[in-house]
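1. Structure for the following, please:
(2 chains)
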Amino acid sequence: EAQVTQNPRYLITVTGKKLTVTCSQNMNHEYMSWYRQDPGLGLRQIYYSMNVEVTDKGDVPEGYKVSRKEKRNFPLILESPSPNQTSLYFCASSLQGANYEQYFGPGTRLTVT
Amino acid sequence: DAKTTQPNSMESNEEEPVHLPCNHSTISGTDYIHWYRQLPSQGPEYVIHGLTSNVNNRMASLAIAEDRKSSTLILHRATLRDAAVYYCILRGAGGTSYGKLTFGQGTILTVHP
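-> Model prediction:
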């Protein structure tokens, strides 16, 4: 089944403790992206990747890192999480180009205390 | 980035057609118009997309104005399962501009039985 998976689905952590949220897709997509969703603010893009070893900032990249060493994986790294990073995070992927739809993962709900 | 404007909310009755508008007055000639929806407690899912011509698929129809400054997502017979937040976004086809995406807050569609 074609899908985007995220792990973990739920995470409660403390301020400053490094964490990684994994994202994996099995559709051989070149493009992958991370979003966060907060009440009243909609979906905001954090980082995206056009292909392996190619990443770029979205609208809200501060406090996050990403890497794209393999085509199928695009982990989101919070080196020193803070409470304002408490949010619902979505990963998405698509084929390369504007004429293709994105497939979204189920989301990761992160709480930083 | 070209931005879109949507009404905050709309209501419909079950089995009636629904027309969800989107304004994108700063659209460029190579921007594709994409629609996604997000059901409660789920990740966004693709609905439809188009460039210039009207488009139909099993989920919906997309009507694009001749000047491309606006578009309308049409759900031909709304069901309770169509209650969701609907997002209209632009995805640029020029070079690598398809990577950075701005979702906005979308339209909350309520469907009454």
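
2. Kindly report the residues of chain B close to chain A.
-> Taking CB under 8 Å from any CB of the partner chain as the contact definition, chain B meets chain A at B:30-32, B:34, B:36, B:42-46, B:49, B:51, B:87, B:91-93, B:96-106. For every residue, glycine as well, the C-beta is placed using N, CA and C.

3. are any of those buried, and which?
-> B:31-32, B:34, B:36, B:43-44, B:46, B:49, B:87, B:91-92, B:97-104, B:106 (16 or more other CB atoms under 10 Å in any protein chain shown).

4. Mind checking which of those land in strands?
-> Residues of these located in strands (DSSP state E): B:31-32, B:34, B:36, B:46, B:49, B:87, B:91-92.

5. And the contacts of stretch B:59-67?
-> B:33, B:35, B:47-56, B:71-76 (CB atoms under 8 Å, 6 or more residues apart in numbering or on different chains).

6. make it 6 Å
-> B:47-48, B:50, B:54-55, B:71-75 (CB atoms under 6 Å, 6 or more residues apart in numbering or on different chains).

7. can you check stretch B:22-33 too?
-> Residues from elsewhere that reach stretch B:22-33, judged by CB under 6 Å, 6+ apart: A:98-99, B:2, B:4-6, B:49-51, B:68-71, B:88, B:90-94.

8. mind running it again at 7 Å?
-> With contacts defined as CB atoms under 7 Å, 6 or more residues apart in numbering or on different chains, stretch B:22-33 is touched by A:98-99, B:2-6, B:49-51, B:62, B:64, B:68-71, B:88, B:90-94.

9. Same check on stretch A:39-50?
-> Stretch A:39-50 has contacts (CB under 7 Å, 6+ apart) with A:30-37, A:55-61, A:64, A:66, A:68, A:74, A:96, B:44, B:96, B:99-101, B:103-106.

10. now swap in stretch A:13-29 and tell me
-> Contact with stretch A:13-29 is made by A:2-7, A:11, A:32, A:71-83, A:89, A:91, A:93-95, A:103, A:105, A:108, A:112-113, as judged by CB under 7 Å, 6+ apart.

11. And the contacts of stretch B:59-67, which of them are buried?
-> Buried among the contacts of stretch B:59-67 by 16+ other CB under 10 Å: B:47-48, B:50, B:55, B:71-73, B:75.

12. farthest pair in those residues?
-> The span of the buried ones among the contacts of stretch B:59-67, defined through CB to CB, is set by B:50 and B:75 at 15.6 Å.

13. residues in contact with residue B:46?
-> A:101-102, B:36.

14. same thing but at 10 Å, please
-> A:92, A:94, A:100-104, B:34-37, B:57, B:59 (CB atoms under 10 Å, 6 or more residues apart in numbering or on different chains).
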